[in-house]
Each structure stands twice: as C-alpha cells, then as structure tokens.
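Undergrad: Coordinates for the following, if possible.
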Amino acid sequence: MSETTVAVPGRVRPRRLRRNQVIRDLAAETHIAPSQFIVPHFVLAARKSERPIPSMPGIAELGLDNLLGRVASDLDLGIRSVLLFGHPDHEGHKTPDGLTAWADDGAVQRAVRRLRVEFGDDLVVMTDVCLCAYTDHGHCGIVDDGDVVNDASLVPLVRTALSHAEAGADVVAPSDMMDGRVAAIRDALDEAGHEQVILLAYAVKYASGYYGPFRDAADSAPSFGDRRSYQMDPRNVREAVREAELDEQEGADMLMVKPALAYLDVIRAVRRASNLPLAAYNVSGEYAAVKAAAANGWLDEAQIVRENLMAMRRAGADRIITYHARDAIEGGWL
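TA: Numbering: from 1, shown residues only. I've put the predicted structure just below:
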C-alpha cells in the first residue's frame, strides 16, 4: 500500500443510502404531509377585503369571501386545517374587558359559520381564544391597577371560547397563558353541550421577540409594559414541561409550543413528557426573517423553509402551524 492510499472499510458505507434522490427518499426518517399543516388566517368582518401585511410578505388580512376562496384553494393542496385570528374593525370597539371578542357578529364568529356551511367536515376550523386584539390596553387578560389579573380574566376567555364553539368551531385554542384557563374552558364547553369541541392549549408560549409582525397584523401590541408576567421566560424548559402537564391534567386534547425554531429543545422535551398530539407554531417573526433574507438574495428560501419545517417535525411536532405551508406545497419544497 502506498503512502497516499487510504484503506476504506467496505462493509459499512452510510453513503449507499444517499446515492440518489429516490434512495434518499426511501431512507428518509422524517416526512411532512400537507395534512400536517395548520394555516393561520387574519379575518375581517367585511365581506370582501384583502389588506396585505407589510411585515409578512404574501400574507393579508382577509374578508369573509376572500377567506373562503383562499381556504378552497388550500384544500385543493391538501391543507385541511385553519387557525383563525380576528380583531375589531374599528379602534373604538376595543374595551378594557375585550367584550367584542365574544360578539356573535364578530369576524371570527362569522368566519366560522361561513366555513362550516361551505366546507362541512372537509375542513378543521380552529380559533384562537385571547383578548389582546380586543382590549384597549393590548394585554391578554383583565388589567387592574396596572396588573394583568388571572382569575378575573378567565370569565371573558370562557365567553370567547363558548362563542366560537356555538358558531361551529371544531377546535378552540386559548393562547392567553392565564393559569387555570384550560380547566375553566373545558368545564364550560362540557356544561354547554360542546363536549365534542377539541381544546388545543397554547401550553408553552414564551415571551418572545418573534411575535412582532403578528402584533402589527392583529393590532395587539400592549400599550404599556410587556407580557413577561404571564408568558414564559425563554430561559426555562422544565417549566415548559410542567405547563404542558398541567394543561393535559386540566383537559387539553392537544398541546402547542410557541415559537418553534428557537425552542426545538422544548418541543422535544414536551414530546417526551406527553402522548397528546403536539403542534409547533412557526410564528410570524420566523416567517418574516426568512422572507426578508430570501428577498435580499441572502439564502435559498425553499431550502431554508424545508430545513426549518423538518427540524420542527424531527424535534417531535405532529402538526405545524405555519405561514409557509402554501408556498412549500406549491413549490415542491418538501
């Protein structure tokens, strides 16, 4: 053997399973199907409207007719779940208690009814349950003397969840992070005859800088202070497991971790602690960062989106809430 020759063992060659795309697909450990996506929508009470969100290229607030058209085209792609967010049409409709959140003619309630009639059981209709877009102070609960108080906030949150269930929502998803809200909502749903309505808990929601574009879209930035007294500290992961376990004990049917990319370790920890279906929310700031970098030619959008989505699945998420879903499927990025 010459000095330049290197002996390579012939028996074990991992590269055999990477030789071409068909073989790589055969050996792939992680897969994403369109049915695993949940697409968020910002809904308006208007019949026809489309307001682009500058910080989220390709995403717009949609009137009811526009929403139905978008959902129909997504169903053709195999996307079968939506998550609805709304807010009052006029700033004057925001109140300290966020009472328009549970208005029968609110944007979310009207959208749920239209989607239910149009698509029936072909579509899973999920609704975000929170007060931040409906309160004049922008916090997720009731404010008393500058503090967001926990127990008093449960009453409007329950009313909001009930209004969504009565409109026909399949899934209600409380995102406020008040203690005990899962149990309060579950009990109220059952007592009102909505025992079949699924409860998806934002079990682990961090106080994150990745929410900026969403707050622009939903007009939900707090007018004072921040949300660190009720959303989770990014330094903690054991606390995340505790939150998830508490929500499961209180009757949650599904769990969520939000955001996703900076918290893949948290997704893995929650996955190991619970057998409930687990969603990861690929949030607005994560979406906007990829879009901005791609627009400047700094990265390959298709490759980065594929890696990001696969990372969430690999960490243990069963479902992914993402604004990338339509582009990823239409572009064949997965």
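Undergrad: per-residue pLDDT, the closest residue in space to L131 that isn't next to it in sequence?
TA: Distances taken as CB to CB, 6 or more residues apart in numbering place G98 nearest to L131, at 3.7 Å, with adjacent residues excluded. (Each C-beta comes from the backbone N, C-alpha and C, glycine too.) On pLDDT, G98 comes in at 90.
Undergrad: try G297
TA: Looking at G297, its pLDDT is 98.
Undergrad: my guess is it is in a helix, correct?
TA: No - counting by DSSP: H, G, I helix; E, B strand; the rest coil, G297 is not found in a helix; it is coil.
Undergrad: one step back: please look at the residue nearest to L131 and G138 and confirm they touch.
TA: No - at 9.9 Å, G98 does not count as touching G138 under the criterion of CB atoms under 8 Å.
Undergrad: Common neighbours of these two, please.
TA: Counting by CB atoms under 8 Å, 6 or more residues apart in numbering, the common neighbours of G98 and G138 are C132.
Undergrad: of those two, who's got more company?
TA: Legend: neighbour count by other CB atoms under 10 Å for G98 and G138, higher for G98 (28 against 22).
Undergrad: Give me the phi and psi angles of T100.
TA: When read as degrees, to the nearest 10, the backbone of T100 gives phi -70, psi -10.
Undergrad: distance between the ends of stretch 17-30?
TA: 15 Å (CA to CA, to the nearest Å).
Undergrad: contact partners of it?
TA: R16, M310, R313, R314.
Undergrad: likewise stretch 223-236?
TA: Against stretch 223-236 from outside (CB under 8 Å, 6+ apart): 136-141, 146-148, 150, 176-178, 204-208, 239-240, 243, 262-263.
Undergrad: Please repeat the previous calculation with a cut-off of 10 Å.
TA: The contact list for stretch 223-236 (CB atoms under 10 Å, 6 or more residues apart in numbering) reads 94, 132, 135-141, 143, 146-148, 150, 153, 175-179, 202-209, 211, 221, 239-240, 242-243, 258-259, 262-263, 266.
Undergrad: for stretch 311-318, same thing?
TA: Contacts of stretch 311-318 (CB under 10 Å, 6+ apart): 29-32, 36, 254-257, 260-261, 263-272, 274, 276-282, 307, 309, 319-322.
Undergrad: Render the CA-only coordinates of it in PDB, please.
TA: Extracted in PDB, the C-alpha atoms of stretch 311-318 (Å, rounded to 0.1, in the frame of the first residue of the first chain):
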ATOM      1  CA  ALA A 311     -36.500  20.500  12.200                       C
ATOM      2  CA  MET A 312     -39.800  21.000  13.900                       C
ATOM      3  CA  ARG A 313     -41.000  17.600  12.800                       C
ATOM      4  CA  ARG A 314     -37.800  16.000  13.800                       C
ATOM      5  CA  ALA A 315     -38.000  17.600  17.300                       C
ATOM      6  CA  GLY A 316     -41.300  15.900  17.800                       C
ATOM      7  CA  ALA A 317     -44.100  18.100  16.500                       C
ATOM      8  CA  ASP A 318     -47.000  16.200  14.900                       C
END
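Undergrad: sorry, back to before: let's have the contacts of stretch 17-30 in TSV, adding pLDDT, secondary structure and distance to A192.
TA: TSV is the format used below for these (pLDDT from 0 to 100; DSSP: H, G, I helix; E, B strand; the rest coil; distance: CB to CB, whole Å):
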residue	pLDDT	secondary structure	distance to A192
R16	92	helix	59
M310	98	helix	40
R313	98	helix	36
R314	98	helix	39
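Undergrad: one step back: in contact with the residue nearest to L131, which residues are there?
TA: Neighbour list for G98: 88, 130-142, 153, 156-157, 159-160 [criterion: CB under 10 Å, 6+ apart].
Undergrad: From the contacts of stretch 17-30, list the buried ones, please.
TA: M310, R313 (16 or more other CB atoms under 10 Å).
Undergrad: Return the closest of the contacts of stretch 17-30 with respect to G297.
TA: M310 (23.0 Å; CB to CB).
Undergrad: Pull the number of nearby residues for the closest residue to that closest one other than its chain neighbours.
TA: Spatial nearest neighbour of M310, excluding adjacent residues (CB to CB, 6+ apart): T30 at 5.4 Å. For T30, the number of neighbouring residues by other CB under 10 Å comes to 11.
Undergrad: which residues of the stretch 51-200 of the chain fall in helices?
TA: Ranges of helices in the stretch 51-200 of the chain, per DSSP state H, counting those that start in this stretch, are 64-77, 107-119, 151-167, 181-191.
Undergrad: May I see the buried residues of the shortest one?
TA: When burial is assessed from 16+ other CB under 10 Å, helix 181-191 yields the following buried residues: R181, V182, A183, A184, I185, R186, A188, L189.
Undergrad: For my notes, confirm G251 occurs in a helix.
TA: No - counting by three-state DSSP, G251 falls outside a helix, being coil.
Undergrad: Now that we have the contacts of G98, which of them are buried?
TA: With burial judged by 16+ other CB under 10 Å, the buried subset of those is 88, 130-135, 137-142, 153, 156-157, 159-160.
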